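1. Okay, predicted coordinates and the sequence, questions at the end:
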Amino acid sequence: MKGFTVTLIDLAMPVRTSSRIDALPVVIIGAGPIGLAAAANLAERGIDFLVYEVGDSVAASMRSWGHIRLFSPWKHLIDPAGRRLLEAGGWAEPRYQDTAPSGAQLVEQYLVPLAALDEIAPRTRLGVSVEAVTREGMDRTRTANRATTPFTLRIRDSDGSLSEVLARAVIDASGTYRTANSLGSNGLDPLGLPEVSDHVTDALPDVLGAGRKKFAGKHVVVVGAGHSAANTLINLSTLIQTDPITTVTWVIRNRAATRVFTADDDELPGRGSLGAKVKKLVDFGVIDVIDGFEIIRLSLDGDRVGIAGNRNGGVEHLSADLIVNATGFRPNLDMLREVRLDLDEIVEAPRRLAPLIDPNVHSCGTVEPHGFAELQQPEPNFFLAGMKSYGRAPTFLLATGYEQVRSIAAYLAGDLAAAQNVELVLPATGVCSTDPAATSCCS
């Protein structure tokens, strides 16, 4: 478009806004760990905010995989601002700081109490989805007075009604769990997927709990080469012990599951042990592995699913009762169509952050400290944070997101010194390779 330019704001100066904007709240999208950490940091600084969560409860996405144990121990999972607010109300931090909780334990013992605080609960709206973000009276093409114009968020309530709210700033911490990557290696859904959708499940199904009857006695194909796939494979192997007619096939797009099997130096023991467990199951014949298989078509085959894929230069066919899509996740950018974004063309992360996390070239063992400066967009006072800020990169840790929102809150408060003073100490992860001959970390 001739004459249309997008420039990033000056990183050295907070955006000047009008008194009208300053009277509006900051809107946080998502009431998961990072969204609630953002709320805690804003509350400490006396900045008004609203939190919108699409689920009927806080951390709804995490609850859906609550049976899975996290990689990080408790000491890396509690946001400092959240801890201070909780302790002021008499909350006691979990005693076993070096143990890793399950998702459900993190929700019930930390996130639910945090969300219930007087500083946060009255400002949280559940069962509300954010349909779109824009500027009041402006689409993305208008520039004049943009920074001093409030954000408009169109929201859909649980009864389906639509309304709009204004905000001085927006922190999108909605995550990526609800937008899975495709089963097709080309990024598109395989042909025939709508006809067999009842046979396809999301990543991390509860095969030993609520989903046991669905999986027991079935032939299950798990697609994906990352840690979500590994967790599901291990749980399915446990199911086989009590229901031996259950069978499991692991389909990998690449030559090997690099992210799972290169973790000997992982300082997060829970993650480092996954590869060893899965390798043992493969070696003992509990799990069949088909590598280099790129799904191109799905079809009904009686009560089963026919799976056609390219492999070794030809087309091969599989059959399954159920398919688990553990291919990873991607950000939902549809609601941000009228927001000016500057994203990396590979991983769909903020352009300044992308070189630090690109799984094709970056070792996951270290992540440089980063905050508002790497996360802000050409749209003044709009930030992607948490897992969504990583785009399609699979290496996000909660401690990273906590430091992100601490820095963002400081920036919005006008405390530029604190915003720029970002610090991050992470355990070496050992789950990616910078060897150019190795396959990509991405599922």
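-> Perfect, I can see it now.
2. C-alpha from now on. contacts and neighbour counts both.
-> Fine.
3. need the strands for the stretch 51-200 of the chain, in chain order.
-> For the stretch 51-200 of the chain, the strands defined by DSSP state E, counting those that start in this stretch occupy 124-126, 129-135, 151-156, 162-167, 169-172, 200-201.
4. could I get the ones you listed as TSV with distance to residue 56 and mean pLDDT?
-> Output for the strands of the stretch 51-200 of the chain, formatted as TSV (distance: least, C-alpha to C-alpha, whole Å; pLDDT from 0 to 100):
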stretch	distance to residue 56	mean pLDDT
strand 124-126	5	98
strand 129-135	11	98
strand 151-156	13	98
strand 162-167	17	97
strand 169-172	18	98
strand 200-201	21	97
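5. mind checking which of the ones you listed is nearest residue 64?
-> Smallest distance to residue 64 across the strands of the stretch 51-200 of the chain (C-alpha to C-alpha): 12.4 Å, for strand 200-201.
6. Quick one: residues in contact with that closest one.
-> With C-alpha atoms under 8 Å, 6 or more residues apart in numbering as the test, strand 200-201 has contacts from 322-325.
7. Please identify the most buried of the strands of the stretch 51-200 of the chain.
-> strand 169-172 (a mean of 24; mean count of other C-alpha atoms under 10 Å).
8. Neighbouring strands - and their directions - for it?
-> strand 26-29 (parallel), strand 382-384 (parallel) (DSSP bridges).
9. can you list the residues that contact the longest one?
-> Counting by C-alpha under 8 Å, 6+ apart, the neighbours of strand 26-29 from elsewhere in the structure are 35, 38-39, 47-53, 130, 167-174.
10. Show me what secondary structure element comes after it.
-> helix 33-44 (DSSP states H and E).
11. Give the buried residues for that following helix.
-> For helix 33-44, burial by neighbour count (16 or more other C-alpha atoms under 10 Å) applies to 33-43.
12. Please apply the same query to stretch 135-155.
-> 135-136, 138, 140, 146-155.
13. pLDDT weak spots in the protein?
-> Within the chain, the ranges that satisfy pLDDT under 70 run 1-19, 257-272, 360-367, 426-443.
14. Show me it divided up by domain.
-> Listed domain ranges for the chain are 19-178+329-420, 193-325 (source: automatic domain parsing).
15. is it possible to export those to JSON lines including distance to residue 184?
-> As requested, those are arranged in JSON lines below (distance: least, C-alpha to C-alpha, whole Å):
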{"stretch": "domain 19-178+329-420", "distance to residue 184": "13"}
{"stretch": "domain 193-325", "distance to residue 184": "5"}
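16. I'd like to know which of the ones you listed lies nearest to residue 185.
-> Across the domains of the chain, residue 185 has its closest neighbour in domain 193-325 (5.7 Å, C-alpha to C-alpha).
17. close enough to count as contact, residue 308 and residue 318?
-> Yes. Counting by C-alpha atoms under 8 Å, residue 308 touches residue 318, with 6.5 Å between them.
18. between these two, which one's more packed in?
-> Applying other C-alpha atoms under 10 Å to residue 308 and residue 318 shows that residue 308 carries more neighbours, namely 20 against 13.
19. Let me see the contact set for that one.
-> Applying C-alpha under 8 Å, 6+ apart, the residues near residue 308 are 295-298, 315-318.
20. Try it again at 10 Å.
-> Counting by C-alpha atoms under 10 Å, 6 or more residues apart in numbering, residue 308 touches 190-191, 293-299, 315-319.
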